[in-house]
Structures are given as C-alpha cells and as structure tokens.
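**Student:** Sequence and predicted structure below; questions after.
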Amino acid sequence: MSGGYIAQAFIFLVSTVCDLYLLAVVLRFLLQIVGADFYNPVSQFLVKLTNPALRYLRRFIPGYRGIDWSSVVLLLAVKALEISLISIAAYGVIPALPGLLITSLAQLLHLLIYIFIVAVFIQVLVSWVNPGMYNPATVILYRLTEPILQKARQLLPPSGGMDFSPILVFVVLQLTIILLINPLADLGRSLS
C-alpha cells in the first residue's frame with residue numbers, strides 16, 4: 001500500500017462516509033418495498049438524507065413495478081466510486097469495469113443481508129425485553145422484518161410458546177452469504 005498514514009486516513013474516511021450513505025439509501029429502498037409509513041420519523045430522516053441525489057436521478061430513471069430503480073443505480077454508483085477511490089489510494093489503479101460492477105453488487109448484497117440479520121436480532125431483543133413497546137423505530141423494524149419472519153414461521157411454526165423462526169432466518173441468510181455472495185465477490189475480484 002502506497003502513501004502510508006495519509007492513504008489509510010483517506011481510505012477510512014471514504015469507506016465510512018460512503019458506507020453510512022449506502023446504509024441510508026438501502027434502508028430507504030427497503031422501507032419503500034415493504035410499504036413502511038412515509039411519515040415515520042425514521043423514514044423522514046432517511047428521505048431527507050437521500051432525497052437530493054435521488055430527486056436528480058429520478059428525472060432520468062423511473063421506477064418500474066414497485067422498484068425504485070434510481071435507488072439501485074445510486075447504490076451501485078456510490079459503491080463503485082468507493083471501491084475505485086480505495087483502490088486508487090491503496091494500489092494506485094482503477095479496477096476493470098466488469099470486476100468493479102460485480103464487486104459492487106456483491107458488497108451491496110452483503111450489506112443488504114447484514115441489515116436483515118441485525119434487524120431480526122434487534123427485533124428478537126426487543127421482543128424479550130419489552131414486547132409491547134411502541135416506538136417509531138420498532139414500528140419500522142417490525143415492518144422490515146415481518147415479511148421474512150412470516151415466511152420462516154410458515155416453515156417452522158412456534159413450538160412450546162417459543163418462536164424459532166429467527167434462527168431459521170439467520171441460517172438461511174448466512175447460507176446466502178456463503179453460497180451466493182462470496183462466490184460473486186470472488187468473481188468480481190478475479191475480473192478486476
């Protein structure tokens with residue numbers, strides 16, 4: 001790695017800023033898909049944070065079949081920019097476009113999976129600590145995780161008053177990372 005401490009600081013800043021923004025865009029995208037309350041304070045924060053770039057992109061990229069394609073393009077563009085800047089700072093080269101796009105997609109899918117893992121884990125904790133609690137964040141959390149937990153409950157119904165569906169969700173999500181996303185990331189690195 002060239003540049004020493006300055007390059008490390010640059011990589012840290014680029015990675016942190018881009019990843020936080022990507023998290024906001026992914027959460028907004030997911031909340032749109034699950035039909036979360038637009039007027040929820042958490043939703044409003046995400047909208048205010050991501051609206052400037054998305055408003056511009058929506059002029060050229062319309063939504064189709066309930067999917068906000070401008071969000072998808074923004075996610076890929078920001079992730080590709082992050083990977084490119086880090087690669088330039090660390091190795092002095094820009095990755096090849098096919099490898100860059102595949103690596104960006106793999107890392108975004110990885111982020112998406114971890115959002116669901118963390119959301120399900122937090123929902124499990126909240127259900128143990130204070131099951132009837134109302135909070136705008138818990139409403140969003142429930143709205144985000146309930147579709148996948150509902151499918152898991154159909155396969156693994158509650159037994160003895162215990163809901164084991166989160167365990168099934170964790171296993172399936174981890175297997176998705178191992179069997180789908182990691183090979184995709186390896187393909188992206190080999191093409192870079």
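**Tutor:** All right, it came through fine. Residues are numbered from 1 along each chain as shown.
**Student:** Quickly list the domain ranges of the protein.
**Tutor:** According to automatic domain parsing, the chain comprises the domains 1-94, 96-192.
**Student:** What mean pLDDT does the first one get?
**Tutor:** Average pLDDT, domain 1-94: 89.
**Student:** same deal with stretch 169-179?
**Tutor:** On average, stretch 169-179 scores 95.
**Student:** Pull it out as CSV, backbone CA atoms only.
**Tutor:** Backbone C-alpha positions of stretch 169-179 (Å, rounded to 0.1, in the frame of the first residue of the first chain) are rendered in CSV as follows:
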residue,chain,number,x,y,z
VAL,A,169,-33.8,-16.7,9.1
PHE,A,170,-30.2,-16.4,10.4
VAL,A,171,-29.2,-19.8,8.9
VAL,A,172,-30.7,-19.0,5.5
LEU,A,173,-29.2,-15.5,5.4
GLN,A,174,-25.8,-16.9,6.4
LEU,A,175,-26.0,-19.6,3.8
THR,A,176,-26.9,-17.0,1.2
ILE,A,177,-23.7,-15.1,2.0
ILE,A,178,-21.6,-18.3,1.8
LEU,A,179,-23.2,-19.8,-1.3
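**Student:** any idea how far it is from the chain center?
**Tutor:** Relative to its parent chain, stretch 169-179 has a centroid offset of 15 Å by CA atoms, centre = their mean, to the nearest Å.
**Student:** show me where the chain has helices.
**Tutor:** Per DSSP state H, the chain carries helices over the ranges 4-34, 41-57, 69-91, 97-129, 136-155, 165-176, 182-191.
**Student:** Same list, the domains of the chain, but as TSV with mean neighbour count please.
**Tutor:** C-beta here means a position set from N, CA and C on the backbone, and glycine is covered the same way. Listed next are these as TSV, based on neighbours: other CB atoms under 10 Å:
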stretch	mean neighbour count
domain 1-94	15
domain 96-192	15
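**Student:** G63: which of the helices of the chain is closest?
**Tutor:** For these, proximity to G63 was assessed by CB to CB; helix 69-91 is nearest, at 6.0 Å.
**Student:** How about residues contacting that closest one?
**Tutor:** 1-3, 7, 10-11, 14-15, 18-19, 21-22, 25-26, 28-29, 32, 50, 53-54, 57-58, 60-63, 93-95, 100-101, 103-105, 107-108, 192 (CB atoms under 8 Å, 6 or more residues apart in numbering).
**Student:** Recalculate using a threshold of 6 Å.
**Tutor:** Helix 69-91 is touched from outside by 1, 7, 10-11, 14, 18, 22, 25, 29, 53-54, 57-58, 61, 94-95, 100, 103-104, 107-108, with contacts defined as CB atoms under 6 Å, 6 or more residues apart in numbering.
**Student:** Could you do stretch 144-164 as well?
**Tutor:** With contacts defined as CB under 6 Å, 6+ apart, stretch 144-164 is touched by 34, 119-120, 123, 165, 168-169.
**Student:** any idea how far L54 is from the residue positioned nearest the centre of the chain?
**Tutor:** Closest residue to the average C-alpha location of the chain: L112 at 3.1 Å, with CA atoms, centre = their mean. Distance from L112 to L54, counting by CB to CB, to the nearest Å: 18 Å.
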